[in-house]
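Asker: sequence first, then the predicted structure:
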Amino acid sequence: MTNIKIVKLVNGDDIVCAFPTEQLPEEHALLRISKPFQIKYIPQLTPQGFKDYVALVKWTAYTLSLIHISEPTRPY
């Protein structure tokens, strides 16, 4: 059975992803995920009225927000 979760990131994005059974050791602050998709809410105003839908967009882990999440806090 696959463990699928919806996760809210510190930048406000929501992703849906699978958590592999093999994770990093507990002393690490990071988690392994697979098949991540960003959840996008798309509102539209049409001549017939308001309609909306939810889209799943392929999400990549190579963003500045991930670097920010994984870095320890530094005094400035």
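Answerer: Looks like it arrived, so ask away. Keep in mind that this is a model prediction, so the values were computed, not measured. Numbers count the residues shown, from 1 in each chain.
Asker: need the next SSE after the longest strand along the chain, C-terminal direction.
Answerer: The longest strand of the chain (DSSP state E) is strand 34-46. Next helix or strand after strand 34-46 toward the C-terminus (DSSP states H and E): strand 49-58.
Asker: list the helices and strands that following strand packs on?
Answerer: strand 34-46 (3 or more Cβ pairs under 8 Å, 6 or more residues apart in numbering; DSSP states H and E). All C-beta spots, glycine's among them, are computed from the backbone N, C-alpha and C.
Asker: tell me how far the strand it packs on lies from the chain's centre.
Answerer: Distance of strand 34-46 from its chain centroid, counting by Cα atoms, centre = their mean, to the nearest Å, is 12 Å.
Asker: same deal with stretch 33-44?
Answerer: Worked out by Cα atoms, centre = their mean, stretch 33-44 lies 8 Å from the chain centre.
Asker: swap in stretch 43-56?
Answerer: That offset, for stretch 43-56, works out to 23 Å (Cα atoms, centre = their mean).
Asker: who touches it?
Answerer: Val16, Phe37, Gln38, Ile39, Lys40, Tyr41, Ile42 (Cβ atoms under 8 Å, 6 or more residues apart in numbering).
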